[in-house]
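K.L.:
fold the following, please.
(one chain, ligands or ions: 1)
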Amino acid sequence: MALDHRGTQQTQQGVVFASGERWNQERRFILEIFKKFGVGRSKFEDQIETESKCLIEEIAKLKGEQFDPNHVLVNAVSNVIVSVIFGKRYEYSDERFKYFLDLGTQQAKNSITNFVFIFVPVIAHLPFGKQIHTGLTDVALKLTDFVSEIIKNHKRDLDTESHRDLIDAYLSELRFNENGSSGKLSMLNEFNLTVTIKQMFIAGTDTTALTLRWAMLYMALNPTIQKNVHDEIDEAVGRNRLPKLADKPNLQYTQAVLLEIQRMASISRLGVPHGCTKTTTVRGVTIPEGFIVVSNLWAVHRDPDLWPEPWKFKPERFLDDNGQVVNRDELIPFSTGRRICLGESLARMELYIFFTHLMHQFRIEGSNWKGDTVSIVDQGRNPNDYKIRAIHRD
Ligand code: HEM
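P.N.:
Here you go, the predicted model:
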């Protein structure tokens, strides 16, 4: 797709849109850095806990007043990924960060429209297409400017031996390449860094925040299930401390509830479109080279042969006869295969910590939700706007 050189959605750019060797290098490098920083592993627990405590404080300030949790959830979750990519956290009141978050949300909402322009670029030259395209480009460029400025600041005080975050690690690798070394990561470059950082921010924020948004809604709509979660947490953890990762084995029902939330929410309905690299036959259907394949994750999660009464919220689906949680292969919110979500372990950890903390502290009540009419142009499956009350449990 022909955008300005700073534009975001050119094909082949950043880890999400790259393919072949470029993708291989980008993905492998990011996963190495995640490993180095302990992202998604137990030593990352403290970092998420810090954000979770800020979230609890913010919600407690409302003293049970009705509110839409979207904004605070996005703030909390984005600070987790931002700590990995930018090496810092932002206060909820930071105006510049609010601006960045709004752009990120807008960009995530534009995803499907962006895909349409990528696959049918001629639309950008038609009168109605031109206007939409200009709007998309504007958001993409503003995001790029924000990220570029942060990268510029990182370059100023870069220590190639000691990395504060993903940007430092990436810039150090680029310096390494400039000196004629490396080879395995020769395709990394600064433009890709900018695009990858934007993609990581969007992929790491909206998805997890959206899942938690559905989680709060399902708890308000299912008070008996919520009570079971409260009881299990109180028994396993007690009232004097917040749940930890180490409590997981004693929170089987709570884990099943989280899995059912992911199934019901199916926030990434169609995953990310993939290009077929060579003509392939799957179950008698031939997919020619170059064709775009879209995986309908939502349909898998609503298949009545796999999930009897698929529209019902039933956490027991994920429990065996002994009340132990069962991870079923048919649950694929992170997709599947070689391009499975790169942030899966981080996301699972965030969902567990944020959800158990919120349940430990609050009873969620009274949604004014108007039902499940979901916008088809949003990439993420958003519930209609709703408000809830979070009543402190002490
Ligand atoms: C509940 C939260 C999340 C869900 C449901 C989710 C879901 C997905 C899905 C369905 C894909 C497409 C996979 C495919 O192409 O087949 C994906 C890709 C991706 N996700 Fe996530 N994601 C979540 C959280 C995160 C987080 C926290 C991060 C940040 C580290 C992240 C980073 C990525 C990246 C970089 C890709 C592209 C991977 C690649 O193409 O190699 N995601 N995610």
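
K.L.:
can you tell me the closest non-neighbouring residue to the residue of the chain at minimum distance from the ligand?
P.N.:
Going by CB to the nearest ligand atom, the ligand is nearest to residue 343 of the chain, at 2.2 Å. Quick note: C-beta positions are derived from backbone N, CA and C, even for glycine. Residue nearest to residue 343 in three dimensions, not counting chain neighbours: residue 204, with 5.4 Å by CB to CB, 6 or more residues apart in numbering.

K.L.:
buried ones in the helix or strand hosting residue 354?
P.N.:
For residue 354, the host element (DSSP states H and E) is helix 344-361. Residues 346-361 are the ones in helix 344-361 that count as buried (16 or more other CB atoms under 10 Å).

K.L.:
run the chain-centre distance for that helix.
P.N.:
What separates the centre of helix 344-361 from the centre of its chain is 13 Å, taken as CA atoms, centre = their mean, to the nearest Å.

K.L.:
tally of neighbours for the residue of the chain closest to the ligand?
P.N.:
Applying other CB atoms under 10 Å, we find 21 other residues in the vicinity of residue 343.

K.L.:
per-residue confidence for it?
P.N.:
For residue 343, the pLDDT comes out at 95.

K.L.:
contact partners for it?
P.N.:
By CB atoms under 8 Å, 6 or more residues apart in numbering, the residues touching residue 343 are 40, 81, 200, 203, 204, 207.

K.L.:
in JSON lines, list the residues you listed along with neighbour count, distance to residue 23 and pLDDT.
P.N.:
What follows is the contacts of residue 343, written out as JSON lines (neighbours: other CB atoms under 10 Å; distance: CB to CB, whole Å; pLDDT from 0 to 100):
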{"residue": "40", "neighbour count": "21", "distance to residue 23": "20", "pLDDT": "79"}
{"residue": "81", "neighbour count": "23", "distance to residue 23": "20", "pLDDT": "94"}
{"residue": "200", "neighbour count": "21", "distance to residue 23": "14", "pLDDT": "92"}
{"residue": "203", "neighbour count": "21", "distance to residue 23": "14", "pLDDT": "90"}
{"residue": "204", "neighbour count": "24", "distance to residue 23": "18", "pLDDT": "91"}
{"residue": "207", "neighbour count": "22", "distance to residue 23": "19", "pLDDT": "93"}
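
K.L.:
average pLDDT for stretch 231-246, rounded please.
P.N.:
If you average the pLDDT over stretch 231-246, you get 97.

K.L.:
please apply the same query to stretch 140-149.
P.N.:
The pLDDT scores in stretch 140-149 average 90.

K.L.:
same deal with stretch 294-302?
P.N.:
pLDDT averaged over stretch 294-302 gives 93.

K.L.:
ok, for residue 340, nearest residue in space, not its chain neighbours?
P.N.:
residue 334 (5.5 Å).

K.L.:
is it true that that neighbour touches residue 347?
P.N.:
Yes. Proximity of residue 334 to residue 347 meets the contact threshold set by CB atoms under 8 Å, at 7.2 Å.

K.L.:
could you tell me which residues touch both of those two?
P.N.:
Common contacts of residue 334 and residue 347, defined by CB under 8 Å, 6+ apart, comprise residue 341.

K.L.:
up against the ligand, what does the protein have?
P.N.:
15-16, 27, 81, 199-200, 203-204, 207-208, 211, 267-268, 271-272, 333-335, 339-343, 346-347 (CB under 6 Å from any ligand atom).

K.L.:
contacts for stretch 325-341?
P.N.:
The contact list for stretch 325-341 (CB under 8 Å, 6+ apart) reads 203, 211, 252, 255-256, 259, 262-263, 265-268, 271-272, 274, 295, 297, 300-301, 303, 306-307, 317-320, 344, 347.

K.L.:
could I get that stretch in CSV with only the CA atoms?
P.N.:
Output in CSV follows, covering the C-alpha atoms of stretch 325-341 (Å, rounded to 0.1, in the frame of the first residue of the first chain):
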residue,chain,number,x,y,z
VAL,A,325,-8.9,-26.9,34.7
VAL,A,326,-8.6,-28.4,31.2
ASN,A,327,-7.0,-26.4,28.4
ARG,A,328,-8.8,-27.4,25.2
ASP,A,329,-7.1,-27.2,21.8
GLU,A,330,-10.2,-25.8,20.3
LEU,A,331,-9.8,-22.6,22.3
ILE,A,332,-7.6,-20.4,20.0
PRO,A,333,-7.9,-16.7,21.0
PHE,A,334,-4.2,-16.3,20.1
SER,A,335,-4.6,-18.1,16.8
THR,A,336,-2.4,-21.1,16.1
GLY,A,337,0.6,-22.1,14.0
ARG,A,338,4.0,-20.4,13.4
ARG,A,339,2.4,-16.9,13.6
ILE,A,340,0.6,-17.5,16.8
CYS,A,341,0.4,-14.3,18.9
